[in-house]
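Peer 1: with the input below, show me the fold.
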Amino acid sequence: MMELLFCVSNNKILSNKIRNNNNSCGIVILDAAAKNIVRKNLSYRNSLFGILLYSGEKQNKGNIIIINTIKSNGKHGLFLECSDKNRIKLNKVIRNVDIGIVSNDTSNQFIKNNIQKNKVNNITYTNEIDYRDV
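Peer 2: Here you go, the predicted structure:
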């Protein structure tokens, strides 16, 4: 399997099963990608993260991550870095090896997510982790 990688805006990522990506993530949204919708996906057993949103310039804005199941990934379920004004809503983030959701140097809206049984922590807000150092 291969990850879904997006560096552009205004896409819909709907109803996929993304699994077993070695040395990688399930869904990756990079750089100045904005206004993407990630909905009803199952991202599991990826060696790093289920979903990664990263932008070095805080330009990942207005993305919607909704009604996804993110589970049993090798590091974290959902990792957001330098990404602002995104909505993360109604997701199941369960049984990831480290942290369910990492919000690193971000300002996002989290609404009614089911975050449980992640090994280290369910949700962490920090300015000290770089996804490239994982």
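Peer 1: okay, now the unreliable bits of the chain?
Peer 2: Counting by pLDDT under 70, the chain contains low-confidence residues at 1-3, 58, 128-134.
Peer 1: let's see 80
Peer 2: 1-8, 22-23, 32, 56-59, 126-134 (pLDDT under 80).
Peer 1: now the helices for it?
Peer 2: For the chain, none of the segments meets the definition of helices by DSSP state H.
Peer 1: count of residues packed around the residue nearest to residue 16 when sequence neighbours are not counted?
Peer 2: Spatial nearest neighbour of residue 16, chain neighbours left out: residue 41 (4.8 Å); criterion: Cβ to Cβ, 6 or more residues apart in numbering. Just so you know, the C-beta spots here come from the backbone N, C-alpha and C atoms, and that holds for glycine as well. Residue 41 is surrounded by 24 other residues when neighbours are defined as other Cβ atoms under 10 Å.
Peer 1: list the contacts of residue 41.
Peer 2: Counting by Cβ atoms under 8 Å, 6 or more residues apart in numbering, residue 41 touches 13-18, 26-27, 68-69.
Peer 1: do residue 44 as well
Peer 2: Taking Cβ under 8 Å, 6+ apart, we find residue 44 in contact with 18-19, 26, 50, 69-73.
Peer 1: could you do residue 115 as well?
Peer 2: Contacts for residue 115 were tallied using Cβ under 8 Å, 6+ apart; they are 77, 93-94, 100-101, 122-123.
Peer 1: looking at the residues you listed, state which has the most neighbours.
Peer 2: Greatest neighbour count in the contacts of residue 115, by other Cβ under 10 Å, goes to residue 77: 34 neighbours.
Peer 1: is it correct that that one is in contact with residue 50?
Peer 2: Yes - the pair residue 77 and residue 50 qualifies as a contact (Cβ atoms under 8 Å) at a distance of 4.8 Å.
Peer 1: need the overlap of contacts for these two.
Peer 2: When contacts are counted by Cβ under 8 Å, 6+ apart, the set common to residue 77 and residue 50 consists of 70-71, 93, 96.
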